[in-house]
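Participant: have a look; sequence and predicted model below, questions after that.
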Amino acid sequence: MSQRLINPVYKQFPVRQIWLFCTILMLLAPEHARAQSEGKKLFEKNCSVCHKLGGGKLVGPELVGITQIRDREWLVKFIHDSKALIESGDPLAVQVFEENNKIPMQAFPNLSDSEVNAIIDYIDAWEPEAEKTFTVDVNQKTGFTHTEILRGERMFYGLIPFENGGKTACNSCHNTVISDTLNWSPSAADLAQSFMDPNGMNIYASMAEPGSEVMTKAHAEYKLTEQEVYNIAAYLSEFGHKGMEKQRSFPERRILFIVFAVLMTLALIDLIFTRIVKYRFIHTGILLIGIAVHLNIAVVEAQNLSRTKDYAPDQPIKFSHKIHAGDNQTDCRYCHSIADYSKSAGIPSNDVCMKCHNVVLSGRNSGKFEINKIYRADKSGKPVEWIRVYTLPDHAFFSHSQHVNAGQIECETCHGPVAEMDILKQYTDLSMGWCVNCHRDTKVNFQGNHFYKSYKELNDMLQSGRIDSVTVEQVGGIDCSKCHY
């Protein structure tokens, strides 16, 4: 009886179909997540400069809910090439174009239909992030107790283990002293400055959800509690007030000078007064070697006075000329735009940086951290305080326009292989001898410049074949008054 009742009920539920449906759902869920992730990456790379999600109109219109008012097939065509669609007379494309001040939208022929659909799917599924609540005071930047600072210091140096794992100490990546070695990871002072800046990072949110691929990989083993982050923030606040100490190099030349000065003094005392050492050639040897060492140090230091070859200061932003000028082939004069007509090459303003970094939001070496410094500077309205590398004495005149424009000298001639430098350093010593030798060897575009027609004697010598070229020296390039007046 019971079996008869069960069978009809059992047959009403297609168990196999339900099982199959659940299996398909489980298989599709990871694929859907991957598609969403891909759509987000594509949107941030290609669309975020002109469009916001949930923030109203930027350059282009708000896109949240766009599929409810526009057909998907039309959207794919418009995204691929809006200009072609407008020129074809499509009434909706023309309407959108006119509604947005006739600003042309960039074409994306490089994106496949599936990639465009991934972007549209991401926009469709987008929801504003719920504001995360914290159990600690995330707004506290100063006023930490000595115990909190001390505990944060021990965590930073790996002396106290983290609750949820993470074996590598923070200071293995983040310097706590000023070092001559390039480290793409932000130093403790950088972190403190960013954390304490009103427009800076929320250290709690950054540790919970890293904002770049670089940071995600670097922090893969760490799952810090809010209290642990709070203690580390307390320790970092000390760097915000005091800064970092410079790592001192061993003063070997100074010690060598002092050692030989002491030996020479003892040798003289023994030679004249005490006479403990009987062999005078020992005193003579010490004195001669000491004099030679002291003379060498004096001459080298005198030659290097006011010369700063290989000077490579730490800049406020870890800007890599190797990436920009080398890998990305950015023309020097795109950033140093006044070199053609000014004495100085110029320091790029925040606006110049933002032309690219409105689109390029993350770097390959430091993620978003260094690029975020540009955004903070731009938001504050203050320029980035770059440190000058090449500085001539006041009594020497040099014009970039005269060399770059008239002389057609390549930047690398004076600045070296900049496209290979992560940290820009002074390539030459900028001595007068170096300048004079360059003027003696460098040939002038004599026949291609009408200015030089006034040099009749040199023109006659060229035409008669007595000389085949003219150097800067021959047109007065090493006269004292050319550079010193």
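Facilitator: Structure received.
Participant: for the stretch 101-250 of the chain, which segments count as helices?
Facilitator: All helices of the stretch 101-250 of the chain, identified by DSSP state H, counting those that start in this stretch, fall at 113-125, 146-156, 188-196, 203-208, 213-218, 226-242.
Participant: counting neighbours, what do you get for residue 204?
Facilitator: By other CB atoms under 10 Å, the residues close to residue 204 number 19. Glycine gets a C-beta too; all of them are placed from N, C-alpha and C.
Participant: which of the helices of the stretch 101-250 of the chain sits closest to residue 431?
Facilitator: helix 188-196 (34.7 Å; CB to CB).
Participant: show residues contacting that closest one.
Facilitator: Helix 188-196 is contacted from outside by 141-142, 156, 171, 174-176, 186, 200-201, 203, 233, 236-240, 243-244, 369, 372-373, 376, using CB atoms under 8 Å, 6 or more residues apart in numbering.
Participant: could you rerun that using 6 Å?
Facilitator: For helix 188-196, the surrounding residues in contact (CB atoms under 6 Å, 6 or more residues apart in numbering) are 141, 174, 176, 200, 201, 203, 236, 239, 240, 243, 244.
Participant: again with stretch 51-64
Facilitator: Stretch 51-64 is contacted from outside by 50, 123, 126, 128, using CB under 6 Å, 6+ apart.
Participant: ranking these by neighbours, who comes first?
Facilitator: In terms of neighbour count, residue 123 stands highest of these at 20 neighbours, by other CB under 10 Å.
Participant: pLDDT score for the closest residue to it other than its chain neighbours?
Facilitator: Counting by CB to CB, 6 or more residues apart in numbering, residue 123 lies nearest to residue 63, which is 5.1 Å off, once chain neighbours are set aside. Here, the pLDDT recorded for residue 63 equals 89.
Participant: can you check residue 60 too?
Facilitator: Confidence score, pLDDT, at residue 60: 85.
Participant: what does residue 28 give?
Facilitator: We have a pLDDT of 44 for residue 28.
Participant: what distance do you get for the residue nearest to residue 411 when sequence neighbours are not counted to residue 353?
Facilitator: Ranked by CB to CB, 6+ apart and with sequence neighbours excluded, the top spatial neighbour of residue 411 is residue 332, at 4.9 Å. Look at residue 332 and residue 353: by CB to CB, to the nearest Å, they are 15 Å apart.
Participant: same question, residue 334
Facilitator: Going from residue 334 to residue 353 by CB to CB gives 11 Å.
Participant: the more surrounded of the two?
Facilitator: Per other CB under 10 Å, whichever of residue 334 and residue 353 has more neighbours is residue 353, with 21 against 13.
Participant: tell me the SS of that one?
Facilitator: Per DSSP: H, G, I helix; E, B strand; the rest coil, the local secondary structure of residue 353 is helix.
Participant: could you find the closest non-adjacent residue to it?
Facilitator: residue 374 (4.9 Å).
Participant: ok now the helix or strand encompassing the one you found, how far from the chain's centre?
Facilitator: Using DSSP states H and E, residue 374 maps to helix 369-380. Here helix 369-380 is found 11 Å from its chain centre; the criterion is CA atoms, centre = their mean, to the nearest Å.
Participant: name the residues of it that are buried.
Facilitator: Buried positions in helix 369-380, judged by neighbour count with 16 or more other CB atoms under 10 Å: 369, 370, 371, 372, 373, 374, 375, 376, 377, 378.
Participant: make TSV from those and add pLDDT and distance to residue 280 to it.
Facilitator: Below are those laid out as TSV (pLDDT from 0 to 100; distance: CB to CB, whole Å):
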residue	pLDDT	distance to residue 280
369	94	66
370	95	64
371	94	69
372	94	70
373	94	66
374	94	69
375	92	73
376	93	70
377	93	69
378	91	74
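Participant: just the closest of those residues to residue 181, please.
Facilitator: residue 370 (16.8 Å).
Participant: please look at that closest one and residue 317 and confirm they touch.
Facilitator: Yes: using CB atoms under 6 Å, residue 370 is in contact with residue 317, at 5.3 Å.
Participant: run a quick neighbour tally on the residue nearest to residue 411.
Facilitator: 19.
Participant: and whichever helix or strand residue 287 is part of, average pLDDT?
Facilitator: Taking DSSP H and E as the definition, one finds residue 287 inside helix 280-303. Mean pLDDT, helix 280-303: 94.
Participant: report the buried residues of it.
Facilitator: Result for helix 280-303 [16+ other CB under 10 Å]: buried residues 283, 286, 287, 290, 293.
Participant: tell me where the stretch 101-250 of the chain is predicted with low confidence.
Facilitator: Under the criterion pLDDT under 70, the flagged ranges of the stretch 101-250 of the chain are 131.
Participant: rewinding a little: and whichever helix or strand comes after the helix holding residue 374, how far out from the chain middle?
Facilitator: Toward the C-terminus, helix 369-380 is succeeded by helix 400-401 as the next helix or strand (DSSP H and E). Counting by CA atoms, centre = their mean, helix 400-401 is centred 26 Å from the centre of its parent chain.
Participant: centre of the chain to the helix or strand following helix 400-401, how far?
Facilitator: The helix or strand immediately downstream of helix 400-401 is helix 411-415, counting by DSSP H and E. Distance, stretch centre to chain centre, for helix 411-415: 22 Å (CA atoms, centre = their mean).
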